[in-house]
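**Student:** Sequence and predicted model, in that order:
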Amino acid sequence: QVHLVESGGALVQSGGSLTLSCVASGTNFRINARGWYRQPPGNEREMVAVIDRSGVYKYADAVKGRFALSTDNTKNTLYLQMNDLKPEDSAIYYCNAEVTVSVSVGRTKVPQDFSSWGSGTRVTVTS
């Protein structure tokens, strides 16, 4: 229903910076919450930074003060500015959006909630 595409992952040295982008596309949808998650090699996916349904920005303790979320609603784009990168930040970064989509049911439109994920972008930080 809603397609998310991440970009911006790369190989960088420790202390470097990257900006990840996530573009949402689709029709008749509303984004209720969105954010970034990551999955380090051999580990489970974890929350990095999100904007919740109330518009509150939340960050994992490990990235507070180094990472920052921003949005461009005209482009349906979510950014993650990552500064002072560390080897432990190496992971595949996934974009997630909690959306409401107007779905046609017969002759009517019915709002339905979905959780959409992108396919991920890899960030590798070398020491």
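**Tutor:** Structure received. Just so it is clear, the model here is predicted, and its values are computed rather than measured.

**Student:** which residues does residue 77 bridge with?
**Tutor:** Beta-bridge partners for residue 77, by DSSP bridges, are residue 23, residue 72.

**Student:** Next one: it from residue 95, what distance?
**Tutor:** In this view, residue 77 and residue 95 are 10 Å apart by CB to CB, to the nearest Å. No exception for glycine: its C-beta is placed from N, CA and C like everyone else's.

**Student:** Name the next helix or strand downstream of the lengthiest strand in the chain, please.
**Tutor:** Using DSSP state E to define each element, the chain has its longest strand at strand 91-105. Sequence order places strand 108-117 as the next helix or strand after strand 91-105, per DSSP states H and E.

**Student:** as a whole number, average confidence for that following strand?
**Tutor:** The average of the pLDDT scores along strand 108-117 is 93.

**Student:** Could you number the chain from 687 rather than 1 from now on?
**Tutor:** Noted, 687 is the first residue going forward, which turns the last one into strand 794-803.

**Student:** Direction included, what does whichever helix or strand comes after that strand pair up with?
**Tutor:** Using DSSP H and E, the helix or strand that follows strand 794-803 towards the C-terminus is strand 807-812. If you go by DSSP bridges, strand 807-812 pairs up with strand 697-699 (parallel), strand 777-791 (antiparallel).
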